[in-house]
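In: Please find the sequence and the predicted model below.
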Amino acid sequence: MSIKSHPKGLYVLFFTEAWERFSYYGMRALLVLYLVKHINMARHEALEIYALYTGLVYFTPMIGGYLADKYLGARKAIIIGGLVMALGHLAMAFESLLYTALGLLIVGNGFFKPNISTIVGGLYEEHDPRRDGGFTIFYMGINLGAFFSPLVCGTLGETIGWHWGFSAAGIGMVAGLLVFLLGQKILGPKGFPPHSTREYLTAKDYFDVLVYTVASVAFVFGFLKFWEFFGPRWKEFTFASKTMFSVLSIAAVLAVGKLFAKKNRAVPGALYKNGAEETGDAPLSWEEWQRIIVICVISIFVIFFWMGFEQAGGTLTLFADQQTDRHFMGFEIPASYFQSINPLAIMLMAPFFSILWYSLDDSKYALSTPAKMAIGMITLGLGFIVMYFGQSLAFSGDSNKLTSVALTNGFQVFPGTVYIREFGKVGPLWLAMVYLIHTIGELCLSPIGLSMVTKLSPERFVSLMMGIWFVSSALSNYLAGRLEEILTVYQFNIYIFLIMSSIGAGLLLLALTPMLNKWSHGKA
């Protein structure tokens with residue numbers, strides 16, 4: 001299968017997402033180091049902020065997906081999200097605006113993240129065998145940005161000044177927006193209301209973008225001011241007061257959502273086939289409910305994958321900074337550089353996996369989506385087995401034993417790559433091996449999961465279901481940041497826990513695969 005056989009719109013979305021991920025991963029590579037080294041936060045406090053940020057970043061897509069399906073449309077939602085995130089990245093350059101910046105990034109990502117994936121799915125017909133391969137190519141774009149961002153933003157942030165690194169991330173987001181706006185005609189009618197033949201945005205569309213962008217910024221400022229007043233007093237509230245406040249807050253959000261739903265009965269945002277007559281109020285059939293249940297069940301399983309994988313921005317970054325010998329030819333490699341290993345490996349391996357999935361899906365050896373994702377989870381666990389031994393050796397300090405083990409296995413070990421140069425530190429090859437193994441697992445799970453959501457979701461709820469899919473990432477990102485603190489209380493090694501949870505979840509998902517395939521009705 002030639003890459004040229006894919007729709008041209010895929011490459012507009014490829015480069016848009018590449019720049020957006022450049023901004024996200026560039027900021028992520030610096031966040032924990034910035035909090036610990038510049039603001040002098042304690043390790044557990046920095047990891048908790050990282051957990052909250054990465055968790056909420058993947059929670060808000062459910063709201064952004066809903067607004068796109070009900071009111072905005074995917075295309076306008078992407079532009080709104082990009083503008084809000086660009087403001088957030090630029091605000092990160094100012095220490096006093098740290099929480100404002102994080103809030104803008106969280107809200108902006110909610111508009112952007114689910115809707116660009118939805119448009120990718122809309123480029124392919126229902127049973128198009130190119131779909132999984134197309135999402136793998138799109139995923140390669142994600143990692144193109146993720147590869148360069150730690151190198152550019154990390155170098156600027158760690159060696160010149162933190163604000164330089166964060167500003168570079170903001171410039172990347174602006175570049176992504178420009179790519180998306182310049183590629184409007186190539187995308188055709190995708191992301192517009194059903195029956196629309198428009199291929200460009202009107203003045204009214206841009207006015208909607210402006211209104212929602214300003215409203216998003218106002219919401220972030222308002223929430224922070226609200227929390228500044230109530231936050232310190234929250235512990236003083238009684239249980240009954242907290243419960244009542246929570247219920248009223250949820251009721252207010254639902255009421256606003258209901259008003260939007262009543263005002264906008266038709267669903268302009270989803271990517272229907274031409275001629276579809278469905279609206280947001282149409283009841284779901286039993287088959288559609290079964291497919292939604294499949295998405296929700298697999299969403300629960302992938303929590304165990306991302307909970308481990310997202311250690312990359314937390315414990316693995318701190319391991320690179322504190323337990324890895326980063327000196328090479330008189331140069332000290334910045335800790336953030338290690339986060340470029342995973343996206344580099346994805347760029348190298350993604351074309352192979354794209355061809356592999358296309359070949360398998362078009363043969364008698366086809367693997368269903370749940371089976372592919374179960375393999376990804378088990379592979380992640382294998383990576384943490386390597387990480388566990390690397391951590392153990394870092395604290396053992398037994399370099400002689402390590403050298404003899406390497407030689408008896410027939411490997412030529414270069415100085416400083418595997419064994420320990422000084423007590424408490426290992427060579428960089430340990431982390432490199434972990435990232436490479438995790439990359440293989442990621443390619444078996446993440447792009448396949450995005451493709452699955454677009455295949456199984458009812459067409460009028462594609463963006464909303466994509467948002468729900470990202471909620472699993474929200475929970476796993478939060479757990480990833482809190483996991484070390486929780487397990488330390490019970491004196492349980494984090495990597496042993498991740499080995500058991502990821503491999504165990506993968507084996508259970510394999511066992512459930514026949515049932516999930518049946519409920520997918522041939523679409524997974």
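Out: Looks like it arrived, so ask away.
In: any idea of the mean pLDDT for the helix or strand that residue 150 is a member of?
Out: Following DSSP states H and E, one finds residue 150 within helix 131-155. Helix 131-155 shows a mean pLDDT of 85.
In: elements contacting it?
Out: helix 9-33, helix 98-122, helix 162-182, helix 341-361, helix 429-456 (3 or more CB pairs under 8 Å, 6 or more residues apart in numbering; DSSP states H and E). Every C-beta, even on glycine, is put in place using the N, C-alpha and C of the backbone.
In: The first one vs helix 162-182, what angle?
Out: It stands for helix 9-33. 170 degrees (axes from the mean of the first three to the mean of the last three CA atoms, to 10 degrees).
In: Flag every buried residue along the helix or strand immediately after helix 9-33 in the chain.
Out: Scanning forward in sequence from helix 9-33 by DSSP H and E, the next helix or strand is helix 43-57. The neighbour-count check on helix 43-57 (16 or more other CB atoms under 10 Å) flags 43, 46-57 as buried.
In: need the next SSE after helix 43-57, C-terminal direction.
Out: Criterion used, DSSP H and E; the element after helix 43-57 is helix 61-67.
In: pLDDT on the very next helix or strand once past that following helix, on average?
Out: Tracing the chain past helix 61-67, the next element assigned as helix or strand by DSSP H and E is helix 74-91. Mean pLDDT, computed over helix 74-91, is 90.
In: For helix 74-91, name the packing helices and strands.
Out: helix 9-33, helix 61-67, helix 98-122, helix 162-182, helix 203-230.
In: Among the ones you listed, which comes closest to residue 304?
Out: Closest approach to residue 304 among the helices and strands packed on helix 74-91 (CB to CB): helix 61-67, 19.8 Å.
In: which residues are contacting the closest one?
Out: 77, 81, 109-115, 118, 257, 260, 269, 463-468, 470-471 (CB atoms under 8 Å, 6 or more residues apart in numbering).
In: Off-centre distance for the helix holding residue 150?
Out: 11 Å (CA atoms, centre = their mean, to the nearest Å).
In: Give me the angle between that helix and helix 429-456.
Out: Using the same axes, to 10 degrees: helix 131-155 against helix 429-456 is 140 degrees.
In: Also compute the angle for helix 131-155 relative to helix 98-122, please.
Out: Using the same axes, to 10 degrees: helix 131-155 against helix 98-122 is 160 degrees.
In: Any regions of the stretch 201-350 of the chain where pLDDT drops low?
Out: 226-282 (pLDDT under 70).
In: what ranges do the strands span in it?
Out: 327-328, 331-332 (DSSP state E, counting those that start in this stretch).
In: most packed of the ones you listed?
Out: strand 327-328 (a mean of 12; mean count of other CB atoms under 10 Å).
In: That one pairs with which strands, parallel or anti?
Out: Its sheet considered, strand 327-328 pairs with strand 331-332 (antiparallel) by DSSP bridges.
In: Tally up the residues packed near residue 295, please.
Out: Residues within reach of residue 295, counting by other CB atoms under 10 Å, total 22.
In: what about the closest residue in space to it that isn't next to it in sequence, distance to residue 117?
Out: Of all residues not flanking residue 295 in the chain, residue 456 sits nearest, at 5.5 Å (CB to CB, 6 or more residues apart in numbering). Going from residue 456 to residue 117 by CB to CB, to the nearest Å gives 14 Å.
In: thinking again about what came up before, out of the helices and strands packed on helix 131-155, nearest to residue 90?
Out: Nearest to residue 90, of the helices and strands packed on helix 131-155 and by CB to CB, is helix 162-182 at 4.1 Å.
In: Does whichever helix or strand comes after that closest one pack against any helices or strands, and if so which?
Out: The first helix or strand that comes after helix 162-182 along the chain, using DSSP H and E, is helix 184-187. Counting contacts by 3+ CB pairs under 8 Å, 6+ apart, helix 184-187 packs against helix 9-33.
In: Give me the helices and strands touching the helix it packs on, please.
Out: helix 43-57, helix 74-91, helix 98-122, helix 131-155, helix 162-182, helix 184-187, helix 315-322.
In: can you give me the mean pLDDT across that helix?
Out: On average, helix 9-33 scores 90.
In: And for stretch 114-125?
Out: The predicted model gives stretch 114-125 an average pLDDT of 84.
In: So for it, what gets flagged as buried?
Out: 114-124.
In: Equivalent analysis for stretch 86-104, please.
Out: So stretch 86-104, judged by 16+ other CB under 10 Å, has buried residues 86-93, 97-104.
In: Between which two of these is the distance greatest?
Out: Of all pairs in those, the most separated under CB to CB is 86 and 99 at 17.7 Å.
In: Determine which of the helices and strands packed on helix 74-91 approaches residue 448 most closely.
Out: With CB to CB as the criterion, residue 448 lies closest to helix 98-122 of those, at 12.5 Å.
In: just checking, what packs against the closest one?
Out: For helix 98-122, the packing partners by 3+ CB pairs under 8 Å, 6+ apart are helix 9-33, helix 43-57, helix 61-67, helix 74-91, helix 131-155, helix 203-230, helix 429-456, helix 462-489.
In: Which stretch among the ones you listed is buried most, on average?
Out: Greatest average neighbour count among the helices and strands packed on helix 98-122 goes to helix 74-91 (a mean of 27), per mean count of other CB under 10 Å.
In: Please export the C-alpha coordinates of it as PDB.
Out: Provided in PDB are the C-alpha atoms of helix 74-91 (Å, rounded to 0.1, in the frame of the first residue of the first chain):
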ATOM      1  CA  ALA A  74     -15.100  19.900  14.500                       C
ATOM      2  CA  ARG A  75     -13.400  22.500  12.300                       C
ATOM      3  CA  LYS A  76     -14.200  25.600  14.400                       C
ATOM      4  CA  ALA A  77     -13.500  23.700  17.600                       C
ATOM      5  CA  ILE A  78      -9.900  22.900  16.500                       C
ATOM      6  CA  ILE A  79      -9.200  26.600  15.700                       C
ATOM      7  CA  ILE A  80     -10.700  27.700  19.100                       C
ATOM      8  CA  GLY A  81      -8.500  25.100  20.900                       C
ATOM      9  CA  GLY A  82      -5.400  26.100  19.000                       C
ATOM     10  CA  LEU A  83      -5.800  29.800  19.800                       C
ATOM     11  CA  VAL A  84      -6.400  29.200  23.600                       C
ATOM     12  CA  MET A  85      -3.500  26.800  23.800                       C
ATOM     13  CA  ALA A  86      -1.200  29.300  22.000                       C
ATOM     14  CA  LEU A  87      -2.100  31.900  24.700                       C
ATOM     15  CA  GLY A  88      -1.400  29.300  27.400                       C
ATOM     16  CA  HIS A  89       2.000  28.300  26.100                       C
ATOM     17  CA  LEU A  90       3.000  32.000  25.800                       C
ATOM     18  CA  ALA A  91       1.800  32.600  29.400                       C
END
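In: Skip the chain neighbours and tell me the closest residue to residue 346.
Out: residue 143 (3.9 Å).
In: again, but for residue 350
Out: Per CB to CB, 6+ apart, closest to residue 350 is residue 140, 3.8 Å.
In: who touches that neighbour in this structure?
Out: 14, 346-347, 350-351, 354.
In: Now distance to residue 447 too, for those, in CSV please.
Out: Below are the contacts of residue 140 laid out as CSV (distance: CB to CB, whole Å):
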residue, distance to residue 447
14, 12
346, 9
347, 13
350, 8
351, 12
354, 9
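In: Give me the buried subset of these.
Out: For the contacts of residue 140, a burial check counting by 16+ other CB under 10 Å picks out 14, 346-347, 350, 354.
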